[in-house]
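Student: the following comprises the amino acid sequence and a computationally predicted model.
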Amino acid sequence: MEGVSAVPVPQPRARAVVSDSAPASAPDSAGSRRSLAAGLFLGAIGAAVVLLASGQTWAEGKASVGGGTLPLTADGQDVTGLPAALAVVALAALVAVFAVRGAGRLAVSGLLALSGLGAALSSWSGAFDSAALDEKAARSTGDASATVGALSHTAWPYLTAVGGALILLAGLLALRYGSRWPAMSGRYERDGTPRPGKAPRTAPDPDRPEDLWKALDRGEDPTREA
């Protein structure tokens, strides 16, 4: 048995190791899509809420006229037109986020966030404002010193402020994750490079009848030299 050489035992092949190089961008891509969807949703809903709520009645009161009282109301536009104007700016910024890249996207995202912040703060301050109704009382009574009494405010200015807060959140998402969001296709951008055109047509070969027929179908004169 001494002459029997040891037979090498075949070793099992190493199992394929699941590499950590699996697309690392997959989770990031999923997170980018979620932040993109959230930003679009919050921005659009916030702007819609601001535009809708700012047109509703914000304040109610009564002005003394002779021996009676005159009921007066003021909507958001009477109190302050700033929230509605900023909501329009926010919608434009929300669209522009996808039209620019780099520093431009950062600037537009900041504008979106500031628009939401301004809409929220101006709406909140308008919930305690009485100047709009005082002006209406002065016009209605003809007395410049007249003021409104029994002043009360509705919930609409607070809802407008919530809409502004949603726009602000959309802007913050754009500032944080906007660099990962897609941009408009390059084919819509002018980069100065010539666009590919149609290949020049060659003169039909008189020895090929099919070329002559094709030229006639195109409305060309096959006898004219190129």
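Tutor: Happy to help now that I have it.

Student: please make it C-alpha for all contacts and neighbour counts, starting now.
Tutor: Fine.

Student: and the gap between T69 and G55?
Tutor: 25 Å (C-alpha to C-alpha, to the nearest Å).

Student: ah, wrong one, I meant V88
Tutor: For V88 relative to G55 (C-alpha to C-alpha), the value is 14 Å.

Student: could you do G171 as well?
Tutor: Noted for G171: a distance of 24 Å to G55, by C-alpha to C-alpha.

Student: neighbour count: those two, which is higher?
Tutor: A direct count of neighbours by other C-alpha atoms under 10 Å for G171 and G55 places G171 higher, at 32 against 18.

Student: so what's that one up against?
Tutor: Listed by C-alpha atoms under 8 Å, 6 or more residues apart in numbering, the contact set of G171 reads 39, 43, 109-114, 116.

Student: for L168, same thing?
Tutor: 43, 112-117.

Student: one more time with 7 Å
Tutor: Shown in contact with L168 (C-alpha atoms under 7 Å, 6 or more residues apart in numbering): 112-114, 116-117.

Student: tell me the pLDDT at A170?
Tutor: A170 is assigned a pLDDT of 94 by the prediction.

Student: where does it sit, in terms of helix or strand?
Tutor: In the assignment (DSSP states H and E), A170 maps to helix 156-177.

Student: just the C-alphas of that helix, formatted as PDB.
Tutor: What follows is helix 156-177 as a C-alpha-only set of coordinates in PDB (Å, rounded to 0.1, in the frame of the first residue of the first chain):
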ATOM      1  CA  TRP A 156     -59.700  79.900   6.600                       C
ATOM      2  CA  PRO A 157     -56.600  82.000   7.400                       C
ATOM      3  CA  TYR A 158     -55.300  79.100   9.500                       C
ATOM      4  CA  LEU A 159     -56.000  76.600   6.700                       C
ATOM      5  CA  THR A 160     -54.100  79.000   4.300                       C
ATOM      6  CA  ALA A 161     -51.200  78.900   6.700                       C
ATOM      7  CA  VAL A 162     -51.200  75.100   6.600                       C
ATOM      8  CA  GLY A 163     -51.100  75.300   2.800                       C
ATOM      9  CA  GLY A 164     -48.100  77.600   3.000                       C
ATOM     10  CA  ALA A 165     -46.400  75.100   5.400                       C
ATOM     11  CA  LEU A 166     -46.900  72.300   2.800                       C
ATOM     12  CA  ILE A 167     -45.200  74.500   0.200                       C
ATOM     13  CA  LEU A 168     -42.400  75.100   2.600                       C
ATOM     14  CA  LEU A 169     -41.900  71.300   3.200                       C
ATOM     15  CA  ALA A 170     -41.800  70.800  -0.600                       C
ATOM     16  CA  GLY A 171     -39.100  73.400  -0.800                       C
ATOM     17  CA  LEU A 172     -37.100  71.800   1.900                       C
ATOM     18  CA  LEU A 173     -37.300  68.400   0.200                       C
ATOM     19  CA  ALA A 174     -36.100  70.100  -3.000                       C
ATOM     20  CA  LEU A 175     -33.200  71.600  -1.200                       C
ATOM     21  CA  ARG A 176     -32.300  68.300   0.400                       C
ATOM     22  CA  TYR A 177     -32.900  65.800  -2.400                       C
END
